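Chemist: here is a sequence with its predicted model. Questions after.
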Amino acid sequence: MSYEKELKAAKKAASLAAQLCQKVQKALLQSDVHSKSDKSPVTVADYGSQALVSFVLGKELPTASFSMVAEEDSADLRKDGGQDTLERITKLINDTLSSDGSYDLSPLSGEDVLTAIDSGKSEGGPNGRHWVLDPIDGTKGFLRGDQYAIALALLDEGKVVLGVLACPNLPLQPIGNTEKHSLQNQAGCLFFAEVGGGTHMQSLDGSLSTKVHVSSTVNPAEASFFESYEAAHSLHDLSSSIATLGVQAPPVRIDSQAKYGALSRGDGAIYLRFPHKGYREKIWDHAAGCIVVTEAGGVVTDAGGNPLDFSKGRFLDLDTGIIVTNQKLMPLLLKAVQDALSESSQATPSL
Ligand SMILES: Nc1ncnc2c1ncn2[C@@H]1O[C@H](COP(=O)(O)O)[C@@H](OP(=O)(O)O)[C@H]1O
Ligand SMILES: [Mg+2]
Ligand SMILES: [Mg+2]
Ligand SMILES: [Mg+2]
């Protein structure tokens, strides 16, 4: 089955959301940032991006059975004091839609925006089609002025069948340890993949796309690896224990699913993620990144070597940690990870 129409709509939605987010990142105000009930940050751009993606998918693919599993909801915006923030979000969306000019419509109201945000409340699951959206993945990176991604995927009968990753601050050239890239004047990258169709990358300003492949290195000594910038999101000590494999380069620490994008084009060969005990991974943090890497020839598993299962609802049900690499390095890496995990659980039984 081809998902051509859906892919085209997803690319448009993610690109427009990226325009909205870049505008906010360039002129971020203290009043744009809020704290969610779990203390994690959320900004007007997270909400604006979610509403815009939902709105564009609805316009491009009118269907009675739209379902989306997305990170944000409107509860805080509906509380007392949320009105100013909602107005700012509504203006951002209307400005983005009117400068794009694709849709002939009257401006959206605050209520339209709340409804669009809440269309992401689906529980997902193994049946039917569900869009999966992280409107800004890496909000902490977004706030620092660093990497972030708009991550949109489609599940069909529990499987990820397409994914789009808009990475507005990721240069088109490879990134690594040595160069510090200026984030100014970069158009950013759009990665997209459809099941069986490979992974492509284009510039967010709409250049021709090129097919990308993961690194083919079989030598761990040459393999640089990615991990979260935030130590609270992934145990940096554990990933350094893969040094037993002979990996020599220091880790490249960047925020968001930009790591999956960079890996899909061979910037590095390994991505390791070991959350602290008790953390439950959400499907929107991995769905788009996972298909972008697998269609580029890579493999994504949990620490038990099992593929990620996106059919279980809003959470991933997995065995400690996520490992991403190419087919040839996976067996070695999996063994090194399992050895490191069992050593560290002997040393610190609470891990
Ligand atoms: N304690 C924790 N452990 C692991 N991941 C966490 C975490 N707290 C938040 N996250 C997730 O890590 C994501 C960012 O990943 P990364 O570290 O690769 O940039 C966040 O996405 P959001 O920024 O969309 O909330 C959030 O879902
Ligand atoms: Mg968040
Ligand atoms: Mg996220
Ligand atoms: Mg997010």
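Modeler: The structure has been received and is ready for your questions. Ligands and ions are numbered 1, 2, ... in the order given.
Chemist: for the stretch 101-250 of the chain, which residue gets nearest to ligand 3?
Modeler: residue 137 (3.6 Å; C-beta to the ion). Where C-beta positions appear, they are placed from N, C-alpha and C, glycine not excepted.
Chemist: tell me the predicted confidence for that residue.
Modeler: The confidence metric pLDDT takes the value 98 at residue 137.
Chemist: could you do residue 249 as well?
Modeler: So residue 249 comes in at 83 (pLDDT).
Chemist: that one and ligand 4: what is the separation?
Modeler: To ligand 4, residue 249 is 28 Å away according to C-beta to the ion, to the nearest Å.
Chemist: so that residue is in contact with residue 219, correct?
Modeler: No: at 11.8 Å, residue 249 does not count as touching residue 219 under the criterion of C-beta atoms under 8 Å.
Chemist: which one's more surrounded, those two?
Modeler: Remark: of residue 249 and residue 219, residue 249 carries more neighbours, 16 against 11, as counted by other C-beta atoms under 10 Å.
Chemist: what's the weakest-modelled helix or strand in this structure?
Modeler: The weakest-scoring helix or strand in the chain, judged by mean pLDDT, DSSP states H and E, is helix 236-240 (a mean of 84).
Chemist: kindly export that helix (C-alpha atoms) in CSV.
Modeler: Presented in CSV, the C-alpha positions along helix 236-240 are these (Å, rounded to 0.1, in the frame of the first residue of the first chain):
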residue,chain,number,x,y,z
HIS,A,236,25.6,9.0,30.5
ASP,A,237,27.8,6.7,32.6
LEU,A,238,26.1,3.6,31.2
SER,A,239,26.6,4.6,27.6
SER,A,240,30.3,5.4,28.3
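Chemist: strand partners of the helix or strand following that helix, parallel vs antiparallel please.
Modeler: With elements assigned by DSSP states H and E, the helix or strand that comes after helix 236-240 is strand 252-253. Applying DSSP bridges, strand 252-253 is found paired with strand 225-227 (parallel).
Chemist: the partner strand and ligand 1 in contact?
Modeler: No: applying C-beta under 6 Å from any ligand atom, one finds strand 225-227 out of contact with ligand 1, separated by at least 8.0 Å.
Chemist: could you number the chain from 41 rather than 1 from now on?
Modeler: With 41 as the first residue, the last one maps to strand 265-267.
Chemist: how far away from the center of its chain is that strand?
Modeler: 15 Å (C-alpha atoms, centre = their mean, to the nearest Å).
Chemist: and stretch 65-77, by the same measure?
Modeler: 19 Å.
Chemist: first vs last residue of that stretch, how far apart are they?
Modeler: Start-to-end span of stretch 65-77 (C-alpha to C-alpha, to the nearest Å) is 23 Å.
Chemist: that one near ligand 1 anywhere?
Modeler: No: Stretch 65-77 is not in contact with ligand 1 by C-beta under 6 Å from any ligand atom; minimum separation 8.7 Å.
Chemist: residues making contact with that stretch?
Modeler: Residues from elsewhere that reach stretch 65-77 (C-beta atoms under 8 Å, 6 or more residues apart in numbering): 64, 81-85, 116, 124-125, 128, 182-183, 185, 188, 208.
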